[in-house]
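**Student:** curious how this folds, go ahead:
(one chain, ligands or ions: 1)
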Amino acid sequence: MEKYYHSTRNKKVKALPKEAVLAGLASDGGLFVLDDLDQISLPLADMMKMDYAQLARCVMGVLLFDYSEAELDECIRLAYQGQFDDEAITPLVHSGKDHILELFHGPTSAFKDVGLRMLPQLMSVALKKEKDARVMILTATSGDTGKAAMAGFQDVDRVGITVFYPDHGVSEIQRLQMVTQQGENTFAVAMKGNFDDAQSGVKQIFHDVDYQSGFKTKGIQFSSANSINIGRLAPQVVYYFDAYRQMVQCNQIRFGDVIDFCVPTGNFGNVLAGYYAKLMGLPIRKLIVATNANHVLYDFLTTGVYDRNRPFYKTISPSMDILISSNLERLLYDVSGCDTAYVQSLMADLQTKGRYCVSQAILAKIQETFAVGYASDDQCRAVMKAKYEADQYVLDPHSACAYVAMRECADENIPCVLLATASPYKFCGSVSEALFGEQESDEFAMMDALETRTHIQAPKLLKQLRSMPIRHQDVIERSEMKSIISQKVGVLWQ
Ligand SMILES: *Cc1c(COP(=O)(O)O)cnc(C)c1O
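**Tutor:** All right, here's what the predicted structure looks like:
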């Protein structure tokens, strides 16, 4: 039987990987999944000798099976070569007793680069089949996705990108990163409301067949760069294997030993990639999900009730200020025994009541693999200070949440790899305050002060932000989303 991805809500809504990469979301609003990941057999022992690019080809080859080896090699080269400030792409750092996988060495200093350097390459290859097609990427961002996506898609042929970020909902550095983005095909728009408003606004446009059909006749389709796209998910599976390889290589574990991972979590994309790595045979015991004061996932993973009807808090870890974790739908599909009708009913409950409840059997199944913790801003600040004073290592606020959760959940006999998802220099204010109890008034003064005091270099591209011209100034209400998209499409292609 031929292999396909299909929607989490209906097995008849099918797509090959290239089609799924272009579409983002399935046409029925579900997410694309591939069945039987646990039947895939990867040459794990051989993989321990591979470099990052080889590992990427090996892992992505099975997930994106209609891409040829040559196509993947080219995508990997264009996505990563010379783009990261560390040759290892995702280096594993041993600091004190901790193993920290630094995912933030890409051009925008957040882990999103790993997926979002790759997605545009995968889309470009997929577009070759469709001669006149053009794609407008629409993406909601809680801060890091937007910049990484704009940077990844900058000047990519036949693709435009419009990013919606919550006005006043991102850090000053994150905002500057977006509004200074170069490239005639990139657009950043501030939207009044929070991240969930932006995300549900974008989702609504994907559901709006009438609105889209007007563009379709001109050969223009919409797609998403959010972490629901398998073109982002697949490259994220790679670094779990690479982390394991590095743990073996530096004799922290023996080949075959199980390890845990602890993951700062928002939209559930990063940690889901870890779950897929486990299904594909990587010896993972537990995946520890870390959240902040918006701990809807903590409540779900401990009680089985997912309830987004709650206050939304702005925290010092804004990329995790999320109440609807989209990728959770893929986990629900898997742990329900691939029951699309069940997933559909849960998602309908979420849509209409803002909540759903899974059976105790399903909760137990999830808890076999997933542990969960959350941290308040105060706990994050305390742990950032303690880690710095003990080992001169600076955690960003998201990684600090994970650090708190790791302390709570990890088993001292099982090594745990902490995923560090952002450079502390993206959040100079919170970091300075945590480490030294003070904040300068100006973002760049804080960056300089942090460098001087910690002797850790700030990423070059962040330092350059202070002299970059502002290119994107739109601020809109949610009701204006469609009209601004039409306007941007017009600027590009009419
Ligand atoms: C996006 C992001 C997260 C959350 O990752 P998900 O895949 O959405 O769970 C955590 N930390 C940082 C710094 C991020 O940018």
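**Student:** please make it C-alpha for all contacts and neighbour counts, starting now.
**Tutor:** Will do.
**Student:** let me see the contact set for Lys112.
**Tutor:** Going by Cα atoms under 8 Å, 6 or more residues apart in numbering, Lys112 touches Asp144, Thr145, Ala148.
**Student:** and the last one, how far is that from Ser124?
**Tutor:** Translated: Ala148. According to Cα to Cα, to the nearest Å, Ala148 and Ser124 sit 17 Å apart.
**Student:** same thing with the first one?
**Tutor:** Distance check for Asp144 against Ser124: by Cα to Cα, it reads 22 Å.
**Student:** which one's more surrounded, those two?
**Tutor:** Set Asp144 next to Ser124 and count neighbours by other Cα atoms under 10 Å: Asp144 wins out with 26 against 19.
**Student:** tell me how many other residues crowd the nearest residue to Gln39 once chain neighbours are set aside.
**Tutor:** Nearest residue to Gln39, sequence neighbours excluded (Cα to Cα, 6 or more residues apart in numbering): Met280, at 7.4 Å. Residues near Met280, counting by other Cα under 10 Å, number 21.
**Student:** same thing with the one 3 residues further on?
**Tutor:** Other residues within reach of Pro283, judged by other Cα under 10 Å, total 18.
**Student:** I'd say it and Gly256 touch.
**Tutor:** Yes. In this structure Pro283 lies within contact range of Gly256 using Cα atoms under 8 Å: 6.5 Å.
**Student:** is stretch 269-288 in proximity to the ligand?
**Tutor:** Yes. Using Cα under 6 Å from any ligand atom, stretch 269-288 reaches the ligand at Gly269, Asn270.
**Student:** endpoint to endpoint, that stretch covers what distance?
**Tutor:** Stretch 269-288 has an end-to-end distance of 13 Å (Cα to Cα).
**Student:** and that stretch, average pLDDT?
**Tutor:** The average pLDDT for stretch 269-288 rounds to 98.
**Student:** ok, Arg308 touching Leu297?
**Tutor:** No. The criterion here is Cα under 8 Å, and Arg308 misses it with Leu297 at 9.6 Å.
**Student:** ok, these two, which is more surrounded?
**Tutor:** When neighbours are counted by other Cα under 10 Å, Leu297 comes out ahead of the other of Arg308 and Leu297, with 30 against 20.
**Student:** centre of the chain to the helix or strand where that one lies, how far?
**Tutor:** Under the criterion of DSSP states H and E, Leu297 resides in helix 296-303. Centroid separation for helix 296-303 versus its chain: 20 Å, with Cα atoms, centre = their mean, to the nearest Å.
**Student:** and for stretch 14-22?
**Tutor:** 19 Å.
**Student:** quick one: buried residues of it?
**Tutor:** The neighbour-count check on stretch 14-22 (16 or more other Cα atoms under 10 Å) flags Lys14, Ala15, Leu16, Pro17, Lys18, Glu19, Ala20, Val21, Leu22 as buried.
**Student:** so which of those residues belong to strands?
**Tutor:** Judged by DSSP state E, strands contain the following of those: Lys14, Ala15.
**Student:** and the buried residues of stretch 14-22 as TSV, adding pLDDT and distance to the ligand?
**Tutor:** Below are those laid out as TSV (pLDDT from 0 to 100; distance: Cα to the nearest ligand atom, whole Å):
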residue	pLDDT	distance to the ligand
Lys14	97	24
Ala15	97	23
Leu16	97	23
Pro17	97	20
Lys18	96	21
Glu19	94	22
Ala20	95	19
Val21	95	17
Leu22	91	20
